[in-house]
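Asks: structure, please.
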Amino acid sequence: MPGGRLTQQERRQIAVGLADGLAYAEIARGIGRPTSTVTREVMRNGGPTAYRADLAHRATERRAQRRPRTAPRDPETAPQPHGRDPGAVLAYEEVLTTVLVHSGMPRMTARVLTCLFTNDAGSLTASELALRLQVSPASVSKAIAFLDEQGLVRRERDERRRERYVVDNDVFYQSMMASARGTAHLAETARQGVGVLGPATPAGARLENIARFVDFVSEAIVRAAEQAREILHSGPGPAAGPPS
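Replies: Reported below is the predicted structural model:
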């Protein structure tokens, strides 16, 4: 089975397989590569509907030129806890990263968040993230700043006084609360516009409708987040006694 980077011809065969509606496993067998390699290649370069072989090849060459000249590390052969398949883990991380990118998150930020989500401890330092992702500490710092602003990570100090970035069971609750605060501010600003433009004008009426809609959505987010947190974070109730 060949190793190393995919060739341009292999990428063209992947593109043909996608156009024919073949599964990743079937495409992988056709070019003699692991399924995880094909999955990662496709998801890293636009997904199955947007994959273009020549564009993917040029993007890989650009990434290779930017990458620091360090000893190569093959994540597919890196040991994994709990007997996990390293290739399957890597492929899943690419899929999750791509989903986060498609939701509007910058790619490096999505890679950092995926790394935290898929780490059993849910906690890594900047240097650990930089090593795992093979990027500079500055890239990690910029991504963490974005995630912190969105309420998706929290910072804490460990016993060695190193700053650690943590995701836990509250991560999406805190993010939803941050989102609700942002939408509440939008509603307040829209109502300021109503006063400036006049409530009886078309523009004023439009802004009032925006404010009412955003208020409703914001309140619904808060209620749903509070309910979900209470239900999902509460332990199982006491066992029922035998029937009398």
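Asks: okay but residue 12 is in contact with residue 51, surely?
Replies: No. With contact defined as CB atoms under 8 Å, residue 12 does not reach residue 51; the gap is 10.7 Å. In this view, the C-beta of every residue, glycine as well, is placed from N, C-alpha and C.
Asks: so those two - more neighbours on which side?
Replies: Neighbour totals were compared for residue 12 and residue 51, and residue 51 leads with 20 against 16 (other CB atoms under 10 Å).
Asks: can you pull the contacts of that one?
Replies: 14, 15, 18, 42, 45 (CB atoms under 8 Å, 6 or more residues apart in numbering).
Asks: helix, strand or coil for the fourth one?
Replies: Yep, that's residue 42 we're talking about. Residue 42 falls in the helix class when you classify it by DSSP: H, G, I helix; E, B strand; the rest coil.
Asks: next, count neighbours for it.
Replies: Residue 42 has 26 nearby residues by other CB under 10 Å.
Asks: now do the strands in this structure.
Replies: For the chain, the strands defined by DSSP state E occupy 123-125, 154-157, 163-166.
Asks: what's around the closest residue to residue 214 other than its chain neighbours, how many residues?
Replies: Nearest non-adjacent residue to residue 214, counting by CB to CB, 6 or more residues apart in numbering: residue 187, 4.2 Å away. Neighbour count of residue 187, defined by other CB under 10 Å: 19.
Asks: where's residue 187 relative to residue 119, distance?
Replies: 37 Å (CB to CB, to the nearest Å).
Asks: what comes up buried for the longest helix seen in the chain?
Replies: Using DSSP state H, we find that the single longest helix of the chain is helix 202-233. Residues of helix 202-233 classed as buried: 204, 207-208, 210-211, 214-215, 217-218, 221-222, 225, 229 (neighbour count, 16 or more other CB atoms under 10 Å).
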